[in-house]
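okay, predicted coordinates and the sequence, questions at the end:
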Amino acid sequence: MEALARKLGLRTNPTIFFVSAGIMVAFLVALLVAPGPIGEAFGAGRAWIVTNLGWFFIFGVTSWVAFLLWVAISRYGSIRLGGNDARPDYGNISWFTMLFAGGIGTVLMFWGVAEPISHFANPPRPEVDPYTVEAADDAMSFAIYHLGLHTWAIFTLPGLAFAYFIYRYDLPMRFSSVFYSLIGDRIYGPIGKTLDIFAILGTLFGVAVSIGLGTQQINAGLSELLGVPDSVTSKVVIIVVLTTVAVCSIVAGLDKGVKLLSNINIGMAVGLMIFVLLAGSTVFLLRAIVETFGLYISNILPMAFWNDALAEYTHEEGGWGWQGSWTVFYWAWTVTWSPFIGIFVARISRGRTIREFVLGVLFAPSIFTLIWFAIFGWSAMEIDGIGAEARAALGAQAGSLSAAVQESIPLAMFAFFDNYPAATLIQGLAVVIVAIFFATSSDSASLVVDMLCTGTPDPGPWHQRVFWGVSEGALAAMLIVLAGEAGLTALQQVITVVGLPMFILVFSMMVALFRGLSKENLTGIKVGRPPEPEEL
């Protein structure tokens, strides 16, 4: 394999690169040959995981939030990720925009209207009636729970583990390096390479699902604006076009391509959010933003431990009811691309302290997410009608938005903008924002997968990086083909199955990081009491 790598002009670990590529290609071929049986297998696997291990996903992510907060406020928080004299490579604004755009920008665009409206029309808790004030409060609380601190904990834990072991121990920029405190030098052997290969495959699947969701939304937008057919063929064409854009950014590299796209896109997204705030019920939304903070703070603990344990007694269908299709899916999906976001955030966070890293990565995006959902979610529910009196006053218009979302979740954002001035222009801007988020996720993931193969922060040859970018697009296209008309359901099935082993590995990162920190020599780090003059 080394000879083949030299012949192809690659600068990578041949075993990790070729085995990862071979497994991915084999899976693509299998999807082409037998999409039906593979879809059935993933469906059965998802049903078993949700029924028997859904509690593990929910407990696990909550424990990660608690662990990260403890690390941040402990004496270990002053440890600098790098040498003690290291300083950050990027300013705070660029740092935030890069980790956000490479993280869940596409998710916010997809679910910003769809999730609150979905919970508003179909409340998670059986004792809450649809379209009521209580349903609106619950809808917002669960939306923020899903995409607030808990989601960013799934990114922060691997990111901190990567940054700590890579920069403090001077280890290769690979997934296996995180487990150095558990398996030692075996990270360089077959065990380490197996971990790296699995991380690459998990990242490819996680990003492919994200691309699949973004593609569905872009297709829905183009169908609304230009009459483009909402079909599998259209979605594949969209993936091809935007993968080409992502590949151009990949060739440009991290500092030029990803940074530029991230800064442009976050500016456009903020502009869109401000438009909704000013064009809608501004005073109501400002009050709702403040109130949403209170809802989140008061409900986060009950929601973080809620396992729908009494579903079989409160739901006619029994089983897990609502939560298996939402919370468990979210955690399984997010954790598959946590190595990608983790190593990407670690790459752009060298020089920051552990406290700065944890609090920045956890809270800054979570606060932005809360404001985003408060503006879009409350606006959507107000348009749909909150409470019996408001719905009676709206007449036939009441429930129109929730009906559109139930018919097509990807169409939610565009149906929402039909209620605003310059609707066509704003819908077109939304399509562009989703497309750029698509590109930033793809090119960020490609650069990270390349790093996982090379073991260094320096990018490999351009054709090596392009291979991974094209691979992500191909995998997303095949998942779309496999999904067919039942797009979102099929993507949920695939990602839940792939997410379980990755979830277990990320859970073990917590143990590895604790062992590493417990051996840290804190001499020279500013913790504890300051020295007396005579001691100096």
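Noted; the coordinates are in hand.

can you give me the buried ones in the strand or helix carrying M381?
For M381, the element it lies in under DSSP states H and E is helix 354-384. Using 16 or more other Cβ atoms under 10 Å as the burial criterion, the residues of helix 354-384 that qualify are 354-362, 364-366, 368-384. All C-beta spots, glycine's among them, are computed from the backbone N, C-alpha and C.

what's the answer for stretch 385-395, then?
G385, I386, R391.

just to be sure, the second one is in a strand?
Okay, so that is I386. No: counting by DSSP: H, G, I helix; E, B strand; the rest coil, I386 is not found in a strand; it is coil.

count of neighbours near the nearest residue in space to it that is not next to it in sequence?
Distances taken as Cβ to Cβ, 6 or more residues apart in numbering place A136 nearest to I386, at 5.1 Å, with adjacent residues excluded. A count of nearby residues for A136, using other Cβ atoms under 10 Å, gives 24.

report the next helix or strand after the helix holding M381 in sequence order.
That would be, after helix 354-384 and using DSSP H and E, helix 388-394.

hmm, back to that, check the offset of the helix holding M381 from the chain's centre.
Its chain's average C-alpha position is 14 Å from that of helix 354-384, according to Cα atoms, centre = their mean, to the nearest Å.

what's the mean pLDDT across that helix?
Here helix 354-384 scores 93 as its mean pLDDT.

make 31 the starting number, not 1.
Yes, from this point I'll number from 31; that puts the last item at helix 384-414.

now, which of the buried residues of stretch 415-425 sits nearest D480?
Nearest to D480 out of the buried residues of stretch 415-425 is I416 (Cβ to Cβ; 48.0 Å).

the strands in the stretch 381-530 of the chain, which residues?
Per DSSP state E, counting those that start in this stretch, the stretch 381-530 of the chain carries no strands over any range.

show me where pLDDT drops low in the chain?
By pLDDT under 70, the low-scoring segments of the chain are 128-136, 279-292, 344-351, 489, 512-522, 551-566.

nearest residue to F205 other than its sequence neighbours?
A229 (3.6 Å).

same thing with L40?
L40 sits nearest to Q494 (Cβ to Cβ, 6+ apart), 5.3 Å away.

isn't that neighbour right up against R41?
Yes: assessed by Cβ atoms under 8 Å, Q494 is found in contact with R41 at 6.9 Å.

neighbour count for these two, which is higher?
Q494 (22 against 16).

how close does that one get to M203?
15 Å (Cβ to Cβ, to the nearest Å).

give me the distance from stretch 214-223 to the chain's centre.
28 Å.

could you point out which element follows the strand or helix carrying Y194?
Taking DSSP H and E as the criterion, Y194 maps to helix 179-198. Following helix 179-198 in sequence order, the next helix or strand is helix 210-213 (DSSP H and E).

who touches that next one?
195, 199, 201, 217, 221-222, 538, 541-543, 545-546, 549 (Cβ atoms under 8 Å, 6 or more residues apart in numbering).

and the next helix or strand along the chain from it, which residues are buried?
For helix 210-213, the following helix or strand on the C-terminal side (DSSP H and E) is helix 220-256. Counting neighbours by 16+ other Cβ under 10 Å, one finds that the buried residues in helix 220-256 are 222-223, 225-255.

just checking, P487 touches M481?
Yes: using Cβ under 8 Å, P487 is in contact with M481, at 6.3 Å.

what about F305, how many neighbours?
Residues near F305, counting by other Cβ under 10 Å: 17.

please apply the same query to G297.
For G297, using other Cβ under 10 Å, the count is 12.

if we can go back for a sec, which neighbours do P487 and M481 share?
M203, R377.

between these two, which one's more packed in?
Using other Cβ under 10 Å as the criterion, P487 and M481 rank with M481 on top: 26 against 16.

what's the distance between the nearest residue to the more buried one once chain neighbours are set aside and D226?
Using Cβ to Cβ, 6+ apart and skipping residues adjacent in sequence, the residue nearest M481 is M203, 4.9 Å away. Distance from M203 to D226, counting by Cβ to Cβ: 10 Å.

any shared contact partners between the two?
Going by Cβ under 8 Å, 6+ apart, residues that sit against M203 and also against D226 are L482.

over to P160. Which of the three states is it?
Using three-state DSSP, the structure places P160 in coil.

what about the spatially closest residue to P160 that is not a sequence neighbour, how many neighbours?
Distances taken as Cβ to Cβ, 6+ apart put A151 closest to P160, at 5.4 Å, once the chain neighbours are dropped. A151 sits with 19 neighbouring residues when counted by other Cβ under 10 Å.

identify the single longest helix in the protein, thanks.
Criterion DSSP state H: the longest helix present in the chain is helix 65-103.

and it, what does it pack onto?
helix 179-198, helix 312-335, helix 357-366, helix 384-414, helix 492-513, helix 517-548 (3 or more Cβ pairs under 8 Å, 6 or more residues apart in numbering; DSSP states H and E).

mind checking which of those is nearest V55?
Here helix 492-513 is closest among the helices and strands packed on helix 65-103 (Cβ to Cβ), at 8.3 Å.

now the closest one: buried residues?
494-510, 512-513.

now do stretch 530-549
L530, M532, F533, L535, V536, F537, M539, M540, A542, L543, G546, L547.

test my guess that R198 contacts L111.
Yes: at 7.1 Å, R198 and L111 qualify as touching, with contact defined as Cβ under 8 Å.

can I assume G429 is in contact with D414?
Yes: the pair G429 / D414 is scored as a contact, 6.0 Å apart, by Cβ under 8 Å.

next up, identify which helix or strand I269 is on.
With DSSP H and E as the test, I269 turns up in helix 262-282.

how big is the angle separating that helix from helix 220-256?
120 degrees (axes from the mean of the first three to the mean of the last three Cα atoms, to 10 degrees).

right, and the helix or strand after helix 262-282?
Using DSSP H and E, the helix or strand that follows helix 262-282 towards the C-terminus is helix 289-309.

how far does that following helix sit from the chain's center?
Worked out by Cα atoms, centre = their mean, helix 289-309 lies 19 Å from the chain centre.

gap between the residue lying closest to I319 once chain neighbours are set aside and T162?
Closest residue in space to I319, ignoring its immediate chain neighbours: A404 at 4.4 Å, by Cβ to Cβ, 6+ apart. To T162, A404 is 19 Å away according to Cβ to Cβ.

and if you look at I68?
Taken as Cβ to Cβ, the span from I68 to T162 is 42 Å.

check V258 too.
37 Å.

same question, V479
46 Å.

about what we covered before: what packs against the helix holding I269?
Against helix 262-282 (3+ Cβ pairs under 8 Å, 6+ apart) you get helix 220-256, helix 453-484, helix 492-513.

mind putting the ones you listed in a markdown table, distance to Y360 included?
Converted to a markdown table, these look like this (distance: least, Cβ to Cβ, whole Å):
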| stretch | distance to Y360 |
| --- | --- |
| helix 220-256 | 11 |
| helix 453-484 | 16 |
| helix 492-513 | 18 |
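
tell me which of those helices sits nearest to L58.
Among those, if distance is taken as Cβ to Cβ, the winner is helix 492-513, at 5.5 Å.

the closest one vs helix 65-103, what angle?
120 degrees.

packing partners of helix 492-513?
Judged by 3+ Cβ pairs under 8 Å, 6+ apart, helix 492-513 is in contact with helix 44-63, helix 65-103, helix 220-256, helix 262-282, helix 453-484, helix 517-548.

please state the offset of it from the chain centre?
Per Cα atoms, centre = their mean, the centroid offset for helix 492-513 relative to its chain is 18 Å.

then stretch 201-220?
25 Å.

C-alpha coordinates for stretch 332-339, CSV please?
These are the backbone C-alpha positions of stretch 332-339, laid out as CSV (Å, rounded to 0.1, in the frame of the first residue of the first chain):
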residue,chain,number,x,y,z
PRO,A,332,-36.1,17.8,33.8
MET,A,333,-35.7,17.5,30.0
ALA,A,334,-32.1,16.3,30.3
PHE,A,335,-33.2,13.3,32.4
TRP,A,336,-36.6,12.6,30.8
ASN,A,337,-36.6,9.1,29.2
ASP,A,338,-40.3,8.8,28.4
ALA,A,339,-40.3,5.8,30.7
